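> Got a predicted structure here, sequence first:
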Amino acid sequence: MKKQKGFSLIELLIVVAIILIIAAIAIPNLLRSKIAANESSAVGSVRTIGTAEVTYSSSWGSGYSANLTSLGGAAPCVAATAAAACLIDPLLSQAPFTKSGYQFNAAGTLLVGGVLNGFEVNAWPTTFQTTGVRAFCDDHTGVLKFNVNGAAIGVAAGSCQAVATAAGVSGPVGN
């Protein structure tokens, strides 16, 4: 009888076990990295929307925009108007207002004499603990804030300013 060459069942099971252990270590890190990337994208988008609000106000002279739709417009944006200013990507300015696992909302606030003198911007994860953990907001003061419960902060006047500062739980986003 010839001696057969190859791997025994025990050797194959050990190799499979090692691969499963490595996967068990790597997958949670991969998910955390994805959440961090989504949150970073959301912060960038909230900053972009805040900057677009300021640009809208100075360009049209009629205060801040009433909503996300008036900051963007249909793709391709060919002529900027007060109703479609072509300042942000249509991905953010058209329903469902989602990007990188986050939902976005914005509204003009502090209406005085037909002019919106403030704005609120929100971003919150579409699936809490899967696409993101923190919700973000910005307003006309320019201070970007977060909370860790993942719920939308709100677009009523003063909603973002009302986010308390509690280390690791809520407060201003660092640079």
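Perfect, thanks for sending it.
> Touching, L71 and W60? I think so.
No - judged on Cβ atoms under 8 Å, L71 makes no contact with W60 at a distance of 10.8 Å. Heads up, the C-betas are built off the backbone N, CA and C, glycines and all.
> What helices and strands are in contact with the strand or helix carrying V54?
V54 belongs to helix 9-60 when assigned by DSSP states H and E. In terms of contacts (3 or more Cβ pairs under 8 Å, 6 or more residues apart in numbering; DSSP states H and E), helix 9-60 is packed against helix 68-71, helix 90-93, strand 98-99, strand 102-112, strand 115-125, strand 135-139.
> If I take that helix and strand 115-125, what angle do their directions form?
Interaxial angle, helix 9-60 versus strand 115-125 (axes from the mean of the first three to the mean of the last three Cα atoms, to 10 degrees): 180 degrees.
> now helix 9-60: mean pLDDT?
Mean pLDDT, computed over helix 9-60, is 93.
> And for stretch 156-170?
Average pLDDT, stretch 156-170: 91.
> buried ones in that stretch?
A157, S159, C160, V163, S170 (16 or more other Cβ atoms under 10 Å).
> could you measure the spatially most central residue of the chain against K99, distance?
Nearest to the mean C-alpha position of the chain, by Cα atoms, centre = their mean, lies A42 at 2.4 Å. Distance of A42 to K99, computed by Cβ to Cβ, to the nearest Å: 8 Å.
> Check L31 too.
Distance of L31 to K99, given as Cβ to Cβ: 19 Å.
> do the same with I25
Distance of I25 to K99, given as Cβ to Cβ: 30 Å.
> Looking only at neighbour counts, state which of the two leads.
Neighbour totals were compared for I25 and K99, and K99 leads with 18 against 9 (other Cβ atoms under 10 Å).
> Quick check: bridge partners of the more buried one?
Note on K99: beta-bridge partners by DSSP bridges are Y102.
> can you start the count at 672 instead of 1 from here on
Done: numbering now begins at 672, and the last item shifts to K770.
> need the contact list for it.
By Cβ atoms under 8 Å, 6 or more residues apart in numbering, the contact set of K770 is S712, A713, S716, D760, L762, L763.
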